[in-house]
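Enquirer: Next come a sequence and a model predicted from it.
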Amino acid sequence: MVEPGEFLRRLFAAAVAAADPAVSLARHLPDPPRGRTVVVGAGKAAASMARAVEVSWPGELSGLVVTRYGHGAPTQRIEVVEAGHPVPNAAGETAARSILDRVAGLDAGDLVICLILGGGLALLSLPAPGLTLADKQAVNRALLKSGADIGEINCVRRHLSATKGGRLAAACHPARVVTLLISDTPGDDPLDIASGPTVPDPTTCAEALAILVAHQHNVGMLVTAAMGLLSCNVK
């Protein structure tokens, strides 16, 4: 008879093994397109996912993924960039811009495979036009201190981002977008995993601005944030 502690350790090891991209990812890959295939993504295991795609993909592909420092992995065709996590930094911002450059100019015959995982919120941090990374960080700190709940904070974060809340998917248009997710988020809502770079945001700019008005009083910061909210264009 197996002791309860050993049984639980075996269960944990089996669950981790089943979630390994090398094991789980291949069966979820889409069929190759008639055009180009571009792989992009962000998260703590993004490099491992990218390597699994390379091993299983039957055709040509290229791309870029961003992971946290120390979590890179050797790849052949997909570039791996390391950046700051959990605190976003300039390396992540540069990587996010590079990802948007990679998906620009695609057509309807092309395919974008987006690899999204936990950690992508910080690693794919690109402020909306009119904002800086420091602006976003200041607004986030103010909301955390104000007592705003996590749903309110995530709403504002998405609207101050150039990649979250479906904006990455919008940048890929008219290419087909297939998102492969590995979740460590309670509830597994795709919108909550890295703030949903490829998931339409059901909230509005007006709602995000109302949250800022309700929870903070720094007028300069509010005006700066409003500039970012006015730039959002994903419904």
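Expert: Perfect, thanks for sending it. Numbers count the residues shown, from 1 in each chain.
Enquirer: What is the helix or strand harbouring residue 178 packed up against?
Expert: Element membership for residue 178 (DSSP states H and E) is strand 176-182. Other elements packing on strand 176-182 under the criterion 3 or more Cβ pairs under 8 Å, 6 or more residues apart in numbering; DSSP states H and E are strand 111-117. C-beta here means a position set from N, CA and C on the backbone, and glycine is covered the same way.
Enquirer: Residue 156 against residue 211, yeah?
Expert: Yes. Residue 156 lies in contact with residue 211 (Cβ atoms under 8 Å); the separation is 5.6 Å.
Enquirer: who has more neighbours, these two?
Expert: A direct count of neighbours by other Cβ atoms under 10 Å for residue 156 and residue 211 places residue 156 higher, at 26 against 22.
Enquirer: show me what contacts residue 175?
Expert: Residues counted as contacts of residue 175 (Cβ atoms under 8 Å, 6 or more residues apart in numbering) are 35, 38, 103, 106-108, 110-112.
Enquirer: Tally up the residues packed near the nearest residue to residue 144 once chain neighbours are set aside, please.
Expert: Nearest non-adjacent residue to residue 144, counting by Cβ to Cβ, 6 or more residues apart in numbering: residue 153, 6.9 Å away. When neighbours are defined as other Cβ under 10 Å, residue 153 has 17 of them.
Enquirer: so what pLDDT did residue 153 get?
Expert: If you check residue 153, the pLDDT there is 83.
Enquirer: SS state for it?
Expert: At residue 153 the chain is in helix, as set by DSSP: H, G, I helix; E, B strand; the rest coil.
Enquirer: how much space is there between it and residue 139?
Expert: Taking Cβ to Cβ, to the nearest Å as the measure, residue 153 falls 9 Å from residue 139.
Enquirer: before we move on, which element is residue 99 in?
Expert: Counting by DSSP H and E, residue 99 is part of helix 90-103.
Enquirer: That helix: which residues count as buried?
Expert: By neighbour count on 16 or more other Cβ atoms under 10 Å, the buried set for helix 90-103 is 92-93, 95-96, 99-100, 102-103.
Enquirer: related to what we said a few turns ago, please tell me how far the residue nearest to residue 144 sits from residue 127.
Expert: From residue 153 across to residue 127, the span is 16 Å (Cβ to Cβ).
Enquirer: where do the strands sit along this structure?
Expert: Taking DSSP state E as the test, the strands found in the chain are 37-42, 62-68, 78-83, 111-117, 176-182.
Enquirer: deepest of the ones you listed, which one?
Expert: Among those, strand 37-42 has the highest mean neighbour count (mean count of other Cβ atoms under 10 Å), at a mean of 28.
Enquirer: sorry, back to before: shared neighbours of residue 156 and residue 211, which are they?
Expert: Shared contacts of residue 156 and residue 211, defined by Cβ under 8 Å, 6+ apart, comprise 143, 148.
Enquirer: How about residue 198: what's its closest non-neighbour residue?
Expert: In space, and not counting its chain neighbours, residue 198 is closest to residue 169: 4.0 Å by Cβ to Cβ, 6+ apart.
Enquirer: contacting residues for that neighbour?
Expert: So residue 169 contacts 114, 177, 179, 197-200 (Cβ under 8 Å, 6+ apart).
Enquirer: could you dump these to a markdown table with pLDDT and distance to residue 84?
Expert: Below are the contacts of residue 169 laid out as a markdown table (pLDDT from 0 to 100; distance: Cβ to Cβ, whole Å):
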| residue | pLDDT | distance to residue 84 |
| --- | --- | --- |
| 114 | 98 | 21 |
| 177 | 98 | 26 |
| 179 | 98 | 23 |
| 197 | 96 | 18 |
| 198 | 97 | 22 |
| 199 | 95 | 24 |
| 200 | 93 | 28 |
